[in-house]
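Trainee: Sequence and predicted structure, then a few things I'm wondering about:
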Amino acid sequence: MNTSTTDFKARVRVALNDRHLEQALGRARDGFVLKRRKAVDARPDFEALRDQGVAIRDHTLDHLEDYLDQFIQAFEAQGGQVHRAADAEEARRIVLDICAQAGARRVTKGKSMVAEEVGLNEALDDAGYDRVETDLGEYIIQLAHETPSHIIAPAVHKTREQITELFHEHHRKLGFAERVTSIPGLVNEARSVLRERFLTADVGITGANFLVAENGASVIVTNEGNGDLTATLPRVHVSVTGIERVVPTLEDMTNLLRLLGRSATGQVMTSYTTLSTGPRRADDTDGPLAHHVVLVDNGRSGMLADPRYRAMLRCIRCGACLNHCPVYGAIGGHAYGWVYPGPMGSVLTPLTRGLGSAQDLPQACTLNGHCAEVCPVKIPLPELLRGLREYQFEQRVIGRRPRWAVWLWGQVARRPGLYRPVARWSARTLGWLGRGQGVLQRLPMASGWFKGGRYLPVPEGRSFLEMLGGGDTVPST
């Protein structure tokens, strides 16, 4: 997947003026947030589950190579093959070699963010394979020639009306003459088109939500069943995943699954949880003749070795931080320019692609802390973003004007004798500008902040310290 994070501001401007996007994101956000809240409230021990999840992820990361070795031994003992890819280029080469050795022509794919991360889709297309996305959201954006805008709902930016037109354009040549507008009708139409492609695929590629070290299982969770068909019908199954997705035991996996379903879609469990342990055995009725697992590093070892950002590797890719982020909710995923959007993307993209090519992403956050509150494994995303901002400032990665603005604010904030009169003047000036209006809807040099219908309540004309103590000093307690 091509990286285009350097034009973040331009993409934001486009997104803020896209009414279809605003409509689609509004509907999805309300559904995700409400469903998660109900699922969490129904589980009184959810905070204890989160603590257990943190302990599992931290313990695994502390002993990552040991558990990877255990998984590899268990998986290969059952006839599977494991490949290690240091970077995106090596991951693409490994998968293309597997497809070539299988004599493949058609490749079906389940949803895999790591496959998106390493640019596998483009590599398969360029190599001439008939690539078919089988996740409904991924299938929709494949038809639209777009990339995912959400890690669990790839087509969340599309309205039903847009999907209707997209299906009508691509499916009428297959005999579907009518425009279908209902959700069940659209799903059935996609299922009818994909059925023949499932049956004629030579290689199936999926991701892996978890890898279980104790028994060598590769685990996928889906709500459509497409993952099972992708993994079992073709002659060859390839699982592409990050090295951090390993867990020690089945019990650990079940704990994380309880967190994943509730945090992602508000479900107790997803509809399908599938464990694959190598290729078909002699007494199996179905399954691939060969099963490969591609373990992708692509910068993860660097994060593992850096105590400042190691916690980011706890992520179980639930999408809760995106669903609760006001910035993502306003601009969607494509504005971030890479496969991982929202708060988690604002950390992962700079760490993976470099701060120089993603310098705006750590700033794309209000630091309201909601993402950390809902993260099932308690990743301190605001702290990580602040750390990236500090590093950018120290390394002069950001432009001169923002650096001077931060420096100037620091000078004022550290000097009470200067801060108090500045605060008094600011409160009085804003109060004067908004007199009789109740709210401020524009300010000099701050026009961007007010876009999208935002406003600023008019201050009373006194600073916080004045209101707190009647003067410029904090009253003693």
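Mentor: Sure thing, it's come through.
Trainee: Let me see the ranges of the strands in the protein.
Mentor: Along the chain, counting by DSSP state E, strands occupy 81-85, 106-109, 130-133, 203-206, 210-212, 217-222, 236-242, 246-247, 272-276, 290-296, 439-440, 456-457.
Trainee: Which other helices and strands does the fifth one contact?
Mentor: Right, the one you point to is strand 210-212. strand 217-222, strand 246-247, helix 250-264 (3 or more Cβ pairs under 8 Å, 6 or more residues apart in numbering; DSSP states H and E). For the C-beta atoms, the positions are set from N, CA and C on the backbone; glycine is no exception.
Trainee: I'd like the ones you listed written out as TSV, with mean pLDDT and mean neighbour count added.
Mentor: Shown next, in TSV, are the helices and strands packed on strand 210-212 (pLDDT from 0 to 100; neighbours: other Cβ atoms under 10 Å):
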stretch	mean pLDDT	mean neighbour count
strand 217-222	96	23
strand 246-247	98	26
helix 250-264	97	21
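Trainee: mind putting those in a markdown table, distance to residue 82 included?
Mentor: Shown next, in a markdown table, are these (distance: least, Cβ to Cβ, whole Å):
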| stretch | distance to residue 82 |
| --- | --- |
| strand 217-222 | 10 |
| strand 246-247 | 11 |
| helix 250-264 | 18 |
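Trainee: returning to that earlier point: among the strands of the chain, which is nearest residue 330?
Mentor: strand 456-457 (16.5 Å; Cβ to Cβ).
Trainee: Does anything pack onto the closest one? Which helices or strands?
Mentor: strand 439-440.
Trainee: contacts for the strand it packs on?
Mentor: Surrounding strand 439-440, the residues in contact under the criterion Cβ atoms under 8 Å, 6 or more residues apart in numbering are 430, 433-434, 455-458.
Trainee: Give the partner strands of that strand in its sheet and their orientations.
Mentor: strand 456-457 (antiparallel) (DSSP bridges).
Trainee: State the mean pLDDT of the strand it pairs with.
Mentor: Strand 456-457 shows a mean pLDDT of 84.
Trainee: Check what contacts that strand and list those residues.
Mentor: Under Cβ under 8 Å, 6+ apart, the answer for strand 456-457 is 430, 434, 438-441, 443, 450.
Trainee: Among the residues you listed, name the buried ones.
Mentor: Applying 16 or more other Cβ atoms under 10 Å to the contacts of strand 456-457, the neighbour count classes 430, 434, 440 as buried.
Trainee: Now do the nearest residue in space to the first one that is not next to it in sequence against residue 416, distance only.
Mentor: Nearest residue to residue 430 in three dimensions, chain neighbours excluded: residue 459, at 4.8 Å (Cβ to Cβ, 6 or more residues apart in numbering). Distance check for residue 459 against residue 416: by Cβ to Cβ, to the nearest Å, it reads 20 Å.
Trainee: When those two are compared, which one has more neighbours?
Mentor: Higher neighbour count among residue 459 and residue 416: residue 459, with 19 against 12, using other Cβ atoms under 10 Å.
Trainee: Correct me if wrong: that one contacts residue 429.
Mentor: No. Applying Cβ atoms under 8 Å, one finds residue 459 not in contact with residue 429, separated by 9.0 Å.
Trainee: for the nearest residue to residue 146 once chain neighbours are set aside, what are its contacts?
Mentor: In space, and not counting its chain neighbours, residue 146 is closest to residue 334: 7.5 Å by Cβ to Cβ, 6+ apart. By Cβ under 8 Å, 6+ apart, the contact list for residue 334 reads 11, 15, 146-147, 149, 157, 341.
Trainee: ok, now residue 374?
Mentor: Per Cβ under 8 Å, 6+ apart, neighbours of residue 374: 36, 263, 320-321, 323-324.
Trainee: Could you export the residues you listed as CSV, including distance to residue 173?
Mentor: As requested, the contacts of residue 374 are exported to CSV (distance: Cβ to Cβ, whole Å):
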residue, distance to residue 173
36, 40
263, 40
320, 40
321, 40
323, 36
324, 41
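Trainee: Out of these, flag the one nearest to residue 292.
Mentor: residue 263 (29.6 Å).
Trainee: I'd like to know which of the helices and strands packed on strand 210-212 is closest to residue 381.
Mentor: helix 250-264 (13.7 Å).
Trainee: so the closest one versus strand 217-222, what angle?
Mentor: The directions of helix 250-264 and strand 217-222 differ by 20 degrees, with axes from the mean of the first three to the mean of the last three Cα atoms, to 10 degrees as the criterion.
Trainee: Quick one: low-confidence residue ranges for the stretch 251-400 of the chain.
Mentor: Applying pLDDT under 70 to the stretch 251-400 of the chain flags no residue at all.
Trainee: on that earlier part again, how about TSV for the strands of the chain, with distance to residue 58 added?
Mentor: As requested, the strands of the chain are exported to TSV (distance: least, Cβ to Cβ, whole Å):
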stretch	distance to residue 58
strand 81-85	23
strand 106-109	32
strand 130-133	34
strand 203-206	27
strand 210-212	16
strand 217-222	20
strand 236-242	17
strand 246-247	12
strand 272-276	24
strand 290-296	20
strand 439-440	45
strand 456-457	41
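Trainee: highest average neighbour count across those?
Mentor: Of all these, strand 203-206 has the most neighbours on average by mean count of other Cβ atoms under 10 Å, namely a mean of 29.
Trainee: How far away from the center of its chain is that strand?
Mentor: Its chain's C-alpha centre and that of strand 203-206 lie 21 Å apart, by Cα atoms, centre = their mean, to the nearest Å.
Trainee: Let me see the mean pLDDT of that strand.
Mentor: Rounded mean pLDDT across strand 203-206 is 98.
Trainee: Sheet partners, orientation included, of it?
Mentor: Strand 203-206 is paired, per DSSP bridges, with strand 106-109 (parallel), strand 236-242 (parallel).
Trainee: Nearest to residue 62, out of the ones you listed?
Mentor: Nearest to residue 62, of the strands paired with strand 203-206 and by Cβ to Cβ, is strand 236-242 at 16.9 Å.
Trainee: what sits against residue 49?
Mentor: So residue 49 contacts 43, 255, 258-259, 376 (Cβ under 8 Å, 6+ apart).
Trainee: Please repeat the previous calculation with a cut-off of 6 Å.
Mentor: The contact partners of residue 49, taken as Cβ atoms under 6 Å, 6 or more residues apart in numbering, are 258-259.
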